[in-house]
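Asker: Fold the following for me, if possible:
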Amino acid sequence: MNREDFPMLKQDIVYFDNGATTLKPQCVIDKMVDYYSNYTSNIHRGDYNAAIRTNHEYDSTREVVRDFVGALDQKEIIFTKGSTEALNMIAFGFLKKNLKPGDEILSGCINLDGLLEVKVQKKYEDSSVSKILNLLENANDKKAKRETKVNKWARIYTPSVLVLAILVAIFLPMFTDITYSQSIYRALTFLVISCPCAIAISVPLSYFSGIGVASKKGILIKGSEVLDNIKNITKIAFDKTGTLTTGKFNITKITSLDDKYSEDDIFKYIYFAEKYSLHPLAKTVLNYKKVKEEKLLETLRQELLNWKK
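Answerer: Model (predicted):
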């Protein structure tokens, strides 16, 4: 498929949020409109014409997917509501059943809850963290073309200026009436004016500063030539969680679009829907309830203290 197949991408935008909501191509949108307009019904639940057509469309889709991925049987194809549900099914199904003591755990994995006892298999210098630090320390070894040209020019120009300044200090009193102290002063003036210290220092320093600031933001730049090439980038694809976001969620505000429902009503429905879920967003809802209860208890405690006074 091409960009033109997605109606939303006809706008002048770059869409990065596929991890949360994947855009639908026009053919999928047309099929959904056809379904909701002509034969809406639940699969494998009815024996009337619309339900029979829905069953046929659903099972045919499973066969198309089976053929596309090379599965041996339709039973190997499982439809889920999204990638998050699919990954959770694997994590809490297959992995929970098959993980056992002695299995290898890659560094960088996050243990959300429970206890793990792990054994380090590699020395620090062989670890991924050490390799990343090594890349940072040697980032300036890969110099940009502009920086290399300035350094080559400075290696020729700077010694030439120094030689000329020495010649001015030595030979100027021989051919003029000025003293040696005056000629040395003029030689130093010539040296200060002519020496390209600002260029020789500012160019490498600007690259070094850029790499340093990026590293503080968690961005690893392998060398100064990368900074020069950034201007040619037209599109960037990011992994969302852990890259653009930290994976830590907080409820900051609940807004009702209908006056019939208050903030407490909305949160009550959300809480009951997420109460027994292990998803990180569900835990955010539970934590929000806990914080609200703690604030309420603190308010009641303060009112009780004020009443006693």
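Asker: Follow the chain on from the longest helix anywhere in the chain and name the next helix or strand.
Answerer: Ranked by residue count, the top helix of the chain under DSSP state H comes out as helix 145-175. Next helix or strand after helix 145-175 toward the C-terminus (DSSP states H and E): helix 180-194.
Asker: The residue of the chain most remote from its centre and A187: what is the separation?
Answerer: What lies farthest from the middle of the chain is D177; by C-alpha atoms, centre = their mean that is 70.1 Å. D177 is 17 Å from A187, where distance means C-beta to C-beta, to the nearest Å. Yep, even glycine has a C-beta here, placed from its N, CA and C like the rest.
Asker: cool, and E4?
Answerer: Applying C-beta to C-beta, the value for E4 to A187 is 69 Å.
Asker: ok, those two, which is more surrounded?
Answerer: A direct count of neighbours by other C-beta atoms under 10 Å for E4 and A187 places A187 higher, at 19 against 10.
Asker: Count the neighbours of F249 for me.
Answerer: Using other C-beta under 10 Å, F249 has 15 other residues around it.
Asker: Check the one 10 residues further on too.
Answerer: Number of residues near D259 (other C-beta under 10 Å) recorded here: 6.
Asker: my guess is it is in a helix, correct?
Answerer: No: read with DSSP: H, G, I helix; E, B strand; the rest coil, D259 is coil and lies in no helix.
Asker: For the strand or helix carrying Y35, list every residue counted as buried.
Answerer: Assigning secondary structure by DSSP H and E places Y35 in helix 26-38. For helix 26-38, the buried set under the neighbour-count rule, 16 or more other C-beta atoms under 10 Å, is empty.
Asker: Output the contacting helices and strands for that helix.
Answerer: Packed against helix 26-38 by the contact rule (3 or more C-beta pairs under 8 Å, 6 or more residues apart in numbering; DSSP states H and E) you find helix 49-69.
Asker: now the helix it packs on, how far from the chain's geometric center?
Answerer: Distance, stretch centre to chain centre, for helix 49-69: 37 Å (C-alpha atoms, centre = their mean, to the nearest Å).
Asker: same thing with stretch 48-68?
Answerer: Per C-alpha atoms, centre = their mean, the centroid offset for stretch 48-68 relative to its chain is 38 Å.
Asker: Would you mind writing the CA trace of it as PDB?
Answerer: Taking C-alpha atoms only, stretch 48-68 is exported to PDB below (Å, rounded to 0.1, in the frame of the first residue of the first chain):
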ATOM      1  CA  TYR A  48     -30.600 -15.200   9.600                       C
ATOM      2  CA  ASN A  49     -29.300 -13.800   6.400                       C
ATOM      3  CA  ALA A  50     -27.200 -11.000   7.800                       C
ATOM      4  CA  ALA A  51     -25.600 -13.200  10.400                       C
ATOM      5  CA  ILE A  52     -24.800 -15.900   7.800                       C
ATOM      6  CA  ARG A  53     -23.100 -13.400   5.600                       C
ATOM      7  CA  THR A  54     -21.200 -12.000   8.600                       C
ATOM      8  CA  ASN A  55     -20.000 -15.600   9.500                       C
ATOM      9  CA  HIS A  56     -18.900 -16.100   5.900                       C
ATOM     10  CA  GLU A  57     -17.000 -12.800   5.600                       C
ATOM     11  CA  TYR A  58     -15.300 -13.400   9.000                       C
ATOM     12  CA  ASP A  59     -14.200 -17.000   8.200                       C
ATOM     13  CA  SER A  60     -13.100 -16.000   4.700                       C
ATOM     14  CA  THR A  61     -10.900 -13.300   6.200                       C
ATOM     15  CA  ARG A  62      -9.300 -15.900   8.500                       C
ATOM     16  CA  GLU A  63      -8.400 -18.000   5.500                       C
ATOM     17  CA  VAL A  64      -6.900 -15.000   3.600                       C
ATOM     18  CA  VAL A  65      -4.700 -14.200   6.700                       C
ATOM     19  CA  ARG A  66      -3.700 -17.900   7.000                       C
ATOM     20  CA  ASP A  67      -2.600 -18.000   3.400                       C
ATOM     21  CA  PHE A  68      -0.800 -14.700   3.700                       C
END
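Asker: So what touches it?
Answerer: 35, 38-46, 71, 73-74, 76-77, 79 (C-beta atoms under 8 Å, 6 or more residues apart in numbering).
Asker: Check which residues of it are buried.
Answerer: Using 16+ other C-beta under 10 Å as the test for burial, stretch 48-68 gives 51, 54-55, 62, 66.
Asker: And those residues, which two are furthest apart?
Answerer: Farthest-apart pair in the buried residues of stretch 48-68 is A51 and R66; separation 22.7 Å (C-beta to C-beta).
Asker: one step back: just checking, what packs against the longest helix of the chain?
Answerer: Against helix 145-175 (3+ C-beta pairs under 8 Å, 6+ apart) you get helix 180-194, helix 197-216, helix 224-229.
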